[in-house]
Structures are given as structure tokens and as C-alpha cells.
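1. Provide a 3D model corresponding to the input given below.
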Amino acid sequence: MAHLPHAYRLYSFPEQETTLGRVHFGGDLPGSTGTGWDGFRKYGMYAAVLITRGQGVYRDAFGREIPIREGSAVLVFPEVPHHYGPSPGETWDEIFVAFSGSAFDAWRGQGLDPAQPVWTLQDPSLQASLLRSLLDEPEGDFGQALRRVAEVHYMLARWLAQKPDDRGLPAWLENARRTLASLPEHRSAASVARDSGLHADAFRRAFRKWTGETPMQFRRRHRLAMAVDLLRRPDLSLAQIAEVLGFHDAFHFSKCFKQSYGLPPSVFRTLPPPPSGEILRPCHPKNTATSHDHL
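-> Here you go, the predicted model:
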């Protein structure tokens with residue numbers, strides 16, 4: 001693999017969990033080739049990417065293929081296999097930040113949607129400047145880590161406020177997704193369908209048309225993504241996590257988790273968290289010309 005450009009700037013942050021989540025790392029990458037096209041990738045964390053020059057395409061394992069242009073925001077989801085980048089032989093400029101935590105999962109009921117991972121921002125130059133400022137802040141103590149993750153939440157709020165509703169989404173869909181994603185309620189799809197004014201079969205077909213998945217697939221994917229965070233808590237047993245997430249029992253939860261993540265939750269929770277204090281790319285001006293994968 002070729003050495004990465006020295007103009008790349010990578011920012012890594014200490015392993016500091018907060019009640020608002022965690023910021024892992026970020027980068028300012030001129031002349032990037034994106035993730036590359038050698039298969040789909042799944043990161044196990046969120047990433048917000050801003051394209052500041054160039055154009056390309058986003059693709060994922062669910063068949064979505066979305067054009068990307070200068071000023072596009074690209075949201076990467078922990079559980080979605082994907083790749084993105086400019087056309088082969090071309091480059092673009094991008095800035096990104098990677099983050100995780102159940103507080104970020106809550107944005108899924110407020111416009112953060114795997115079915116709509118790309119849109120164009122109205123003020124990309126301003127957003128690029130704000131994102132660079134966020135990454136340039138000193139590592140600092142716990143208070144600084146909390147401030148940094150709060151700024152990522154604020155960034156998401158700004159970006160989502162600019163997300164166009166250009167698909168003509170039906171009025172009932174947002175409430176339906178929010179209800180299905182709500183942990184305390186554990187509402188059935190038939191109950192949510194009644195609230196939406198639709199017969200259960202019509203609701204299922206319409207939900208799949210607009211989101212690319214059935215209501216139960218949406219709920220299960222959302223809750224398994226939340227399970228990743230809950231499994232980092234040693235005070236919760238598998239049975240307790242299964243109950244919180246609305247699975248029948250620990251066995252059912254384990255089976256579904258393994259289908260999605262390739263290993264049972266009992267094994268997953270013994271693994272160390274993904275490294276965040278590690279420099280994944282050369283960072284100018286240091287002369288560290290080693291080769292690493294794109295985020």
C-alpha cells in the first residue's frame with residue numbers, strides 16, 4: 001500500500017467516556033481517495049464526513065448508491081457496511097470526526113437515518129471551519145472531553161437542521177420510527193400501524209418502501225446498535241440487557257446479536273474497546289510515513 005500524503009492531519013483523543021458519548025478521532029484529509037473500493041467496511045462507531053472539494057459516490061450493502069458532491073455531509077453508521085470515495089484515479093478533500101455512544105443513538109429518532117446518509121449542506125465553508133476548530137482543540141482533561149463531545153452533538157444538530165425533506169416522506173413516518181426506536185415502550189408494529197392510520201400489512205409495505213427495511217428490522221437494528229454500548233457496562237447482565245432492549249430472553253438476544261455482529265455478546269463484551277488514542281494516519285508536520293487504512 002502506498003504511503004499516505006504528509007498533508008493529512010489526524011487528531012486522536014484520549015479514551016474518555018462521558019455521559020454524552022465519546023469522540024474517538026478525526027482528520028483533515030486533502031487529496032483523499034475515500035475508503036477505497038475493495039469491499040464494504042463496518043466501523044462499529046459513527047463518523048461525520050464533510051466533503052470540501054471533489055465529487056464521488058456512497059454505496060452500502062443495502063443497495064443504496066448516492067452521489068456525493070462538494071459540500072456533501074456523509075454520515076457513517078456503526079452497523080452499516082459501506083464504502084465511499086471519488087472515482088478511481090481521482091481524489092477529493094474531506095474532514096471527518098468519529099464518535100460513539102448511546103446519546104448519539106438518540107439522534108436516530110430526530111433525523112439521523114441510515115436510509116439517508118448523504119445530503120448537501122447550505123454553508124459547507126462555515127461547517128468546515130467549525131469542524132476544524134473542534135478537531136484543533138487541545139486534548140485536555142475530562143471537562144474538555146465532555147465539551148468536545150457536546151460540540152459534536154451541536155454539529156449534528158446544525159447538519160440535521162439543513163437536511164432537506166426532498167423525498168416527500170409521509171407525515172406518519174417520523175413518529176412511527178421514533179416509537180419503534182423508543183426503549184421504554186416496546187410497542188408492537190400493529191399498534192404503531194394503528195397510530196399511523198394504516199392497516200398492519202399496508203403499514204409494513206409503506207414503511208419498507210420509505211426506509212428500505214421492515215418495521216421490525218428497523219427496531220432490531222436500532223436496538224442491537226444500542227446493545228454495543230450497553231455491553232460495555234459490566235454491571236448489566238445479558239438477561240438485563242435483553243430485557244431493556246425488548247428481546248424475549250438472553251438466548252434470543254444473543255442469537256440476534258451474533259447474526260448482526262458475527263460473535264455472541266458474551267464474547268463481544270470481553271474484547272477491548274476500539275483503540276482511540278492511536279494515530280491512524282500520518283499527521284503533518286511529523287514525518288511518520290506509515291501506511292494505514294482509511295477510517
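2. Tell me which strands the helix or strand harbouring D93 pairs with, and in which orientation.
-> Applying DSSP states H and E as the criterion places D93 in strand 92-100. In the sheet containing strand 92-100, its partner strands are strand 22-32 (antiparallel), strand 46-53 (antiparallel), by DSSP bridges.
3. now those in JSON lines, with mean neighbour count, distance to L112 and mean pLDDT?
-> Backbone N, C-alpha and C define where each C-beta goes, glycine included. Listed next are these as JSON lines, based on neighbours: other C-beta atoms under 10 Å; distance: least, C-beta to C-beta, whole Å; pLDDT from 0 to 100:
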{"stretch": "strand 22-32", "mean neighbour count": "24", "distance to L112": "16", "mean pLDDT": "94"}
{"stretch": "strand 46-53", "mean neighbour count": "22", "distance to L112": "8", "mean pLDDT": "97"}
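4. got any ranges where the stretch 151-295 of the chain has weak pLDDT?
-> Applying pLDDT under 70 to the stretch 151-295 of the chain flags residues 165-168, 184-185, 272-295.
5. what about 90?
-> For the stretch 151-295 of the chain, applying pLDDT under 90 flags the ranges 163-190, 207-214, 216-236, 244-248, 258-263, 268-295.
6. What segments of it are helices?
-> Assigned by DSSP state H, counting those that start in this stretch, the stretch 151-295 of the chain shows helices spanning 171-181, 189-195, 200-211, 215-230, 238-245, 250-261, 265-268.
7. Show the subsequent helix or strand relative to the strand holding D93.
-> helix 102-105.
8. Kindly format the C-alpha coordinates of that next one as CSV.
-> The C-alpha trace of helix 102-105 is given here as CSV (Å, rounded to 0.1, in the frame of the first residue of the first chain):
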residue,chain,number,x,y,z
SER,A,102,-26.0,5.8,23.2
ALA,A,103,-26.6,9.5,23.4
PHE,A,104,-25.7,9.7,19.7
ASP,A,105,-28.1,6.8,19.0
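9. what's next to that helix, contact-wise?
-> 19-21, 46, 112, 152-153, 156, 222, 225-226, 229-230 (C-beta atoms under 8 Å, 6 or more residues apart in numbering).
10. after that helix, next one along is what?
-> Using DSSP H and E, the helix or strand that follows helix 102-105 in sequence is strand 118-120.
11. ok, the residue located most distally from the centre of the chain to T120 distance?
-> In the chain, counting by C-alpha atoms, centre = their mean, H199 sits farthest out from the average C-alpha position, at 32.1 Å. In this view, H199 and T120 are 37 Å apart by C-beta to C-beta, to the nearest Å.
12. Kindly report the same for G27.
-> Relative to T120, G27 is positioned 21 Å away (C-beta to C-beta).
13. With distance to G212 added, can I get the strands paired with strand 92-100 in CSV?
-> Below are those laid out as CSV (distance: least, C-beta to C-beta, whole Å):
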stretch, distance to G212
strand 22-32, 27
strand 46-53, 19
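14. Next up, the contacts around the residue farthest from the centre of the chain.
-> Contacts of H199 by C-beta under 8 Å, 6+ apart are A193.
15. now it: how far from R148?
-> Here H199 is placed at a distance of 47 Å from R148 (C-beta to C-beta).
16. can you check E213 too?
-> The gap separating E213 from R148 is 33 Å, by C-beta to C-beta.
17. Surely R59 forms part of a strand?
-> Yes. Under DSSP: H, G, I helix; E, B strand; the rest coil, R59 sits within a strand.
18. Leaving out sequence neighbours, find the closest residue to it.
-> Leaving aside its sequence neighbours, R59 sits nearest to E65 (C-beta to C-beta, 6 or more residues apart in numbering; 5.0 Å).
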